[in-house]
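Undergrad: based on what follows, work out the 3D shape:
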Amino acid sequence: MTKRLRARRLLTEQGWLDDHQLHIKDGIIAAIEPIPSGVMERDAELLCPAYIDTHVHGGAGVDVMDEAPDTLDKLAMHKAREGVANWLPTTVTAPLPDIHSALERIARRYHCGGPGAQVLGSYLEGPYFTPQNKGAHPPELFRELELSELAELITVSQHTLRVVALAPEKTGALQAIEYLKRRNVRVMLGHSAANWEQTRAAFDAGADGLVHCYNGMTGLHHREPGMVGAGLTDPRAWLELIADGHHVHPAAMKLCCCCAKERLVLITDAMQAAGMPDGRYSLCGEQVEMRSGIVRTTSGGLAGSTLSVDAAVRNMIEFTGITAEEAIHMASLHPARLLGIDRQLGSLAVGKRADAIALNSGLHLQQIWIQGQALPL
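TA: The predicted structure is shown next:
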C-alpha cells in the first residue's frame, strides 16, 4: 500500500524542507520529495517525526503495573493522542513477582502488537536504588544487585528489557552495568546518593545516562558536582528531562541545553493521573494526590508527572529559547539514539518507519500516523 503525506514544512534531521511530501510504501518512507507544482492540498502545516516516550508509568487512569489485560492498550492509545508512536512501559519498585508479571505482560504486548503507540520493550525503574533519594519508591523493597537476578529479569522479559535504572554506588553496580551492556540493555543512573566520582566510574563501565536529571540524585554544587555535574559534563551521558516546569526549574532546564543540548531526551515520567482530573491516585502502591495537575506523596514529594510529550516540547521552547526543531529532536531522534534504534525510528528519512505527526504552527497535535496509518484522535 502506498500513500503520500504533503506538508507546508517537513522536518528532517538536517532541518526544515518547504512544500515537501513523504512517499510511504508498506509503512516505510520510500522517498522525500518536493510537492509537484500545482498541487495545493496539504496534509499538515508541519510534518514531523512522531515522538518516542522512553519513560512512562501510566496515564488515563491506569498504571503499567496493573494486571488488567487491556491496561497497555489503554495506555498506548493515550500516548498516541499526545503524538507518541513508540514508548517504553516503565515498572516501579515492587515485590519481585509483581515486576516479573509486568515484564511478561509488556513482552506479550511487544510481540503481539495492538492499537495506538507501539511498545518498544520495558524500562525497569527500581528496585536497585538507595534510600537517600528514593522519591516515591518504597525503600523497604529495594534490592541488592545480583547478576543471576538480572539474568532472570532479562529471561522473563523474553529479551525485551531495554533499560535498567540503578544507583551506581550500590555494591556490584559496576559489574552489573558491564553485564547488562553486554546483553544490549541500556543502563540509566538515578534514585541515588552517588557522588561525582562514583557516577563517572559508572559511565566508564558503560552506563548510558541519568534518570530524570536533577530529580532523585545528588545535585550540582561548585565543590561537589554530584551526579548532575557528572551528567552535564560527560559527553557520553544521555539526560532524561521532565520539562513540566515543576520537576526542574526553567533555569536548570536552560543549563541542560547549554551543556548537553544534543544529549537531552524529553520524557514524561507520567503516572496514572496523566490526562485525568485532580484527585487521589496510587503510585508504587501508595496513595498520592493530584492538585492543579501536580502529583505529590503524603509527605509532599513529587510522585511522577502528568506531563504529555507534546506539552514537554512546547515547554522546552518557551522555557529555554531553543528552536522547535531542537525540541522536537529531543522527543524523537534523541530517544531513538539512546535506545540504538535510530536506523529505524526517530526521524523522517528514507528507509525508516513512517511514524509521523502533523502539528499546527503552535506545535499542537493535529494528526498522527503510525507505520503510515492514520489514527483517529
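Undergrad: please make it C-alpha for all contacts and neighbour counts, starting now.
TA: Noted.
Undergrad: ok, and for the helix or strand hosting V187, which residues are buried?
TA: Assigned by DSSP states H and E, V187 falls within strand 186-189. By 16 or more other C-alpha atoms under 10 Å, the buried positions in strand 186-189 come out as R186, V187, M188, L189.
Undergrad: can you list the strands that it pairs with?
TA: strand 161-166 (parallel), strand 209-210 (parallel) (DSSP bridges).
Undergrad: next secondary structure after the first one?
TA: Once strand 161-166 ends, the next helix or strand along the chain (criterion: DSSP H and E) is helix 173-182.
Undergrad: quick check: buried residues in that following helix?
TA: By 16+ other C-alpha under 10 Å, the buried positions in helix 173-182 come out as A173, L174, A176, I177, E178, Y179, L180, K181.
Undergrad: can you pull the pLDDT of the fourth one?
TA: Read that as I177. pLDDT recorded at I177 is 98.
Undergrad: list the contacts for it?
TA: V187, A202, A205, G206, A207 (C-alpha atoms under 8 Å, 6 or more residues apart in numbering).
Undergrad: roughly how far does it sit from V92?
TA: Counting by C-alpha to C-alpha, to the nearest Å, the separation of I177 from V92 is 19 Å.
Undergrad: kindly report the same for the third one.
TA: Taking C-alpha to C-alpha as the measure, A176 and V92 are separated by 19 Å.
Undergrad: ok, now the first one?
TA: The gap separating A173 from V92 is 19 Å, by C-alpha to C-alpha.
Undergrad: what are the boundaries of the strands in the stretch 151-300 of the chain?
TA: 161-166, 186-189, 209-210, 238-242, 264-267, 279-283, 286-291, 294-296 (DSSP state E, counting those that start in this stretch).
Undergrad: what's around H246, how many residues?
TA: Per other C-alpha atoms under 10 Å, the neighbour tally for H246 reads 11.
Undergrad: so what's it closest to, chain neighbours aside?
TA: Counting by C-alpha to C-alpha, 6 or more residues apart in numbering, I294 is the residue found nearest to H246 once chain neighbours are left out, at 7.9 Å.
Undergrad: repeat for N215
TA: N215 sits nearest to H247 (C-alpha to C-alpha, 6+ apart), 7.0 Å away.
Undergrad: before we move on, what about T233?
TA: C259 (6.8 Å).
Undergrad: separation between that neighbour and D208?
TA: 16 Å.
Undergrad: could you do L5 as well?
TA: For L5 relative to D208 (C-alpha to C-alpha), the value is 35 Å.
Undergrad: just to check, P34 is in contact with R9?
TA: No - P34 is beyond contact range of R9, at 10.6 Å (criterion: C-alpha atoms under 8 Å).
Undergrad: list residues touching both of those two?
TA: With C-alpha under 8 Å, 6+ apart as the test, P34 and R9 both reach D19, H20.
Undergrad: more neighbours: which of those two?
TA: A count of neighbours by other C-alpha under 10 Å puts R9 above the other of P34 and R9, at 19 against 14.
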